[in-house]
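The following block contains a protein sequence and its predicted model.
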Amino acid sequence: MKMKKTVLILLVVSAIVGSSLQAASLEQRDDVKAFIQSMVEKHGFESTELLQLFKQVELREDIIELMTRPAEGKPWHEYRPIFVTKKRIQGGVKFWNENREILLRAEKEYGVPPEIITAIIGVETRYGGYIGKHRVIDALTTLGFDYPKRAKFFSSELEHFLLLMRDESKDPLIPVGSYAGAMGIPQFIPSSYRHYAVDFDGDGKRDLWENRADVIGSVASYFQRHGWQAGQPVVSQVKVEGDGYIALLKAGIKPKHNLKHFRENGVIISDKFSDELPAALLKYETKSEPEYWIGLQNFYTITRYNHSKRYAMAVYQLAMAIRDAHKNQKQVSR
């Protein structure tokens, strides 16, 4: 027994030492050196400052593990209950009431309704209640250099993050977020923060951590820039017959075929939509028979925030539940 305990202690100590050595030598890696040199040449950073910065960055194996088992991998009947809950609906109504004027102004300026903006924030961070626990620079460095599957994407996001921190005069070692490096109440990745965040209250800053006006305006801005169509439908539940619809399922989530083509291939649409509207056919797993839906342009826009069709449907259904609860609350108060 003593022998086993000794071996276990040695293994733990070895792991700790190995991790420390890995962190200490990060700035000596050739790929990190190349990245630093690129930041110096492209953006005028000081190499000594970046070397000192990377000495304080920690590579995180747990982040790699989290990337391999995201919630979006769950079937729909397990995924939906995570986000469409009574507590999150009530939280959405509260958020709407507290930020009513800002939400109305965002809708007027960008065309995105309050329930959609509210649901995004609810799904992402429970209305700002949980913005993540991982240092953003640790997450992006780990994924940019030790996650080959998406290294190019995350090293680019690390570049955007360092530029953002410089532009906003923030210490890059301080911000925390998701395991994928998403930040603030709306969980913008660094490139989205730089390109789509807005100063919605005119105070000269774009603060997505604490400023509700900037958060709401930035989500609405993001949606408008990604093709949101004001006043247009998002999804509709349909039925299917025959086997012609199978090819439509394989076409993906981007609207490619008009509804006339859908109807000609066994998709039964009860809503009175124009035959010319482009859409995508979506299938969702339930405990019994699958559900089929058509996703229109606005549904596709939601997937630009997160490319999962489960995510987009959760946002939509939470939004509808918040809208109904908000409406009922107003009627009761009369």
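Nice, I can see it.

show me where the stretch 51-200 of the chain has strands.
If DSSP state E, counting those that start in this stretch is used as the criterion, the strands of the stretch 51-200 of the chain fall at 134-135, 176-177.

Run me through the strand neighbours of the first one, direction for each.
Okay, so that is strand 134-135. Counting by DSSP bridges, the strands paired with strand 134-135 are strand 176-177 (antiparallel).

coming back round to it: okay, the strands of the stretch 51-200 of the chain in CSV with mean pLDDT and mean neighbour count next?
Yep, even glycine has a C-beta here, placed from its N, CA and C like the rest. As requested, the strands of the stretch 51-200 of the chain are arranged in CSV below (pLDDT from 0 to 100; neighbours: other CB atoms under 10 Å):
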stretch, mean pLDDT, mean neighbour count
strand 134-135, 96, 21
strand 176-177, 96, 20
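
Going by secondary structure, the residue nearest to residue 271 when sequence neighbours are not counted is in what exactly?
With CB to CB, 6 or more residues apart in numbering as the criterion, residue 271 has its nearest non-adjacent residue at 4.6 Å, and that residue is residue 236. Counting by DSSP states H and E, the element that carries residue 236 is strand 235-240.

Which positions in that strand come out as buried?
Neighbour counts over strand 235-240 (16 or more other CB atoms under 10 Å) mark 235, 236, 238, 240 as buried.

Closest one to residue 149 out of these, please.
Checking these against residue 149 by CB to CB gives residue 235 as the nearest, at 30.4 Å.

how far is the strand holding residue 236 from where the chain is centred?
In terms of CA atoms, centre = their mean, to the nearest Å, the gap separating the centre of strand 235-240 from the centre of its chain is 26 Å.

Could you do stretch 298-317 as well?
With CA atoms, centre = their mean, you get 10 Å for stretch 298-317.

Compute the first-to-last residue distance for it.
For stretch 298-317, the first and last residues are 13 Å from each other (CA to CA, to the nearest Å).

got it, and stretch 273-286?
Note: stretch 273-286 ends 26 Å apart using CA to CA.

and residue 281, bridged to which residues?
Here residue 281 sits in beta bridges with residue 294, going by DSSP bridges.

After the strand holding residue 236, heading C-terminal, what element do we hit next?
Using DSSP H and E, the next helix or strand after strand 235-240 towards the C-terminus is helix 246-249.

what comes into contact with that next one?
Applying CB atoms under 8 Å, 6 or more residues apart in numbering, the set of residues contacting helix 246-249 from outside is 257, 261, 262, 265, 267, 280, 281, 282, 283.

and if we set it to 6 Å?
Applying CB atoms under 6 Å, 6 or more residues apart in numbering, the contact partners of helix 246-249 are 281, 283.

And the helices in the stretch 1-150 of the chain?
Under the criterion DSSP state H, counting those that start in this stretch, the stretch 1-150 of the chain contains helices at 2-24, 30-43, 47-54, 61-67, 76-83, 86-98, 100-110, 114-125, 136-146.

how much space is there between residue 131 and residue 160?
18 Å (CB to CB, to the nearest Å).

beta partners of residue 236?
Here residue 236, judged by DSSP bridges, has bridge partners residue 294.

Pull the contacting residues for residue 31.
Counting by CB under 6 Å, 6+ apart, residue 31 touches residue 145.

Report the separation between it and residue 148.
Between residue 31 and residue 148 the computed distance is 11 Å (CB to CB).

Residue 219 too?
Distance of residue 219 to residue 148, given as CB to CB: 32 Å.
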